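Student: my questions are about this predicted structure, shown below with the sequence.
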Amino acid sequence: MNARYNAVIVGQTGVGKSTLINYLYGKKVAEAGVGKPVTKNGFHPIDFEINGLPVCLFDSWGLEVGKHEEWLQDLDNEFKQRGVNEPADKWFHSVFYCINAGSARIQECDITIIKKFIAENYKVSVILTKADQISEDVEDILRKEIQSQINGISVIGVCSEGKTRAGISQTFGKKDIERQAFDDFFDSLILRLPLRCKGLMDQSLENWVKESKGKIKDKVVFMGINQGDMEVEIKNSAKQLQTDMQKLVTIEIKKTFEMYGGFSENLGYPPSEISNSVRNENYFNLKKETFAFEWVYIPLMPIIIALIMFSGKSDTIEAMEIYIGKCEEEFKNIIDKNIEDITKMLESVKLKVTGK
């Protein structure tokens, strides 16, 4: 498995992103600054390895007063490179948004940015950094405030350093983040993988329509093929398209699950509370029958044009283009149905493994 695990750490200047990075990954992979921003504009990749797994950690420059719009533009540029139209190895595989719990307040820009990630079909985990500086009651208030504005979002309190101004304190929160990152893997797949598959099938359909219309004009005009023979050829190519689509989607899902399984194994994310029977089965190694989506063969209905006599080749071309249009609509319905099936399958796998 040669895929690179992409994680992004986001938050305002001074929130403790670099310190969190070092805490999570057990080494000085990010430069920790004191009193000033140390990360330049943009999303900067930090490359390293964990148990042989290539990791690309994107450390974003911190949000600062007066630079909000510039920061959002950088974020939009990243989204364009990592949309669901791209293969899964280009995505952010984990998104951590940091908020300074010590400030005991949530800013509107934090909520705005989190919602932008969610709008791009990313699962975001909010990390309350420096949580040792507040009481559990205050942390709970902050958590409820965030969740009141973003329904269902996970919020984790973390202390990334062993020392505070008040004296010695214990670090905490790492295991909670790892558990949430594991759950987020499944949620990210549920959010993004069906859309990725739909894009692949839509593109295949678009190519088929374009090719079929071009074939009609070539064969009817230049080769004199009649409408009946052309219908047979279009039917056969439509059936082949269905087979090709099913194979394409099956490969994409299997490849993506294997990639996420490699991430989980190397990062040590499988939580200890998962039963041994599930852990030993390899939750990301989907069995063949998992991919048995219900593909309903397109009912390629004959075109009925009552009481119309074709006077020439132009009429045949027009009729066949109508025929292809009907096939295209049927394909779109089938694609939508199969996207529903893919989503249900992913939800079923998540429930089996996490119980959620």
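Tutor: Here it is on my side, so go on. Residues are numbered from 1 along each chain as shown.
Student: using the three-state scheme, assign Val126.
Tutor: Following DSSP: H, G, I helix; E, B strand; the rest coil, we place Val126 in the strand state.
Student: for it, name its beta-bridge partners.
Tutor: Here Val126 shows beta-bridge partners Tyr97, Val155, assigned using DSSP bridges.
Student: if I look at it, how far off is Arg179?
Tutor: Between Val126 and Arg179 the distance, using C-beta to C-beta, to the nearest Å, works out to 15 Å. Heads up, the C-betas are built off the backbone N, CA and C, glycines and all.
Student: okay, these two: which has more neighbours?
Tutor: Comparing Val126 with Arg179 by neighbour count (other C-beta atoms under 10 Å), the higher total belongs to Val126, at 26 against 19.
Student: got a pLDDT number for the more buried one?
Tutor: With respect to pLDDT, Val126 scores 97.
Student: for Leu53, give me phi and psi.
Tutor: Here the main-chain torsion angles of Leu53 (degrees, to the nearest 10) amount to phi -90, psi 120.
Student: please enumerate the strands of the stretch 101-250 of the chain.
Tutor: Remark: strands assigned in the stretch 101-250 of the chain by DSSP state E, counting those that start in this stretch are 124-129, 154-157, 163-164, 167-168.
Student: go through those and pick out the most buried.
Tutor: Among the strands of the stretch 101-250 of the chain, judged by mean count of other C-beta atoms under 10 Å, the one packed with the most neighbours on average is strand 124-129 (a mean of 26).
Student: quick one: Ala104 and Glu139 touch, right?
Tutor: No: taking C-beta atoms under 8 Å as the definition, Ala104 is not a contact partner of Glu139, at 9.2 Å.
Student: can I get stretch 72-80 in PDB? Just the C-alpha atoms.
Tutor: Once non-C-alpha atoms are left out, stretch 72-80 reads as follows in PDB (Å, rounded to 0.1, in the frame of the first residue of the first chain):
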ATOM      1  CA  LEU A  72     -10.300  31.300   3.000                       C
ATOM      2  CA  GLN A  73      -8.900  31.700  -0.600                       C
ATOM      3  CA  ASP A  74      -6.100  29.400   0.300                       C
ATOM      4  CA  LEU A  75      -8.600  26.900   1.700                       C
ATOM      5  CA  ASP A  76     -10.700  27.100  -1.500                       C
ATOM      6  CA  ASN A  77      -7.600  26.400  -3.600                       C
ATOM      7  CA  GLU A  78      -6.900  23.300  -1.400                       C
ATOM      8  CA  PHE A  79     -10.500  22.100  -1.900                       C
ATOM      9  CA  LYS A  80     -10.200  22.300  -5.700                       C
END
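Student: what residues of that stretch count as buried?
Tutor: Buried residues in stretch 72-80, counted by 16 or more other C-beta atoms under 10 Å: Leu75.
Student: for the record, mean pLDDT for that stretch?
Tutor: 87.
Student: distance to Glu231 added to the strands of the stretch 101-250 of the chain, as JSON lines?
Tutor: JSON lines is the format used below for the strands of the stretch 101-250 of the chain (distance: least, C-beta to C-beta, whole Å):
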{"stretch": "strand 124-129", "distance to Glu231": "50"}
{"stretch": "strand 154-157", "distance to Glu231": "54"}
{"stretch": "strand 163-164", "distance to Glu231": "77"}
{"stretch": "strand 167-168", "distance to Glu231": "80"}
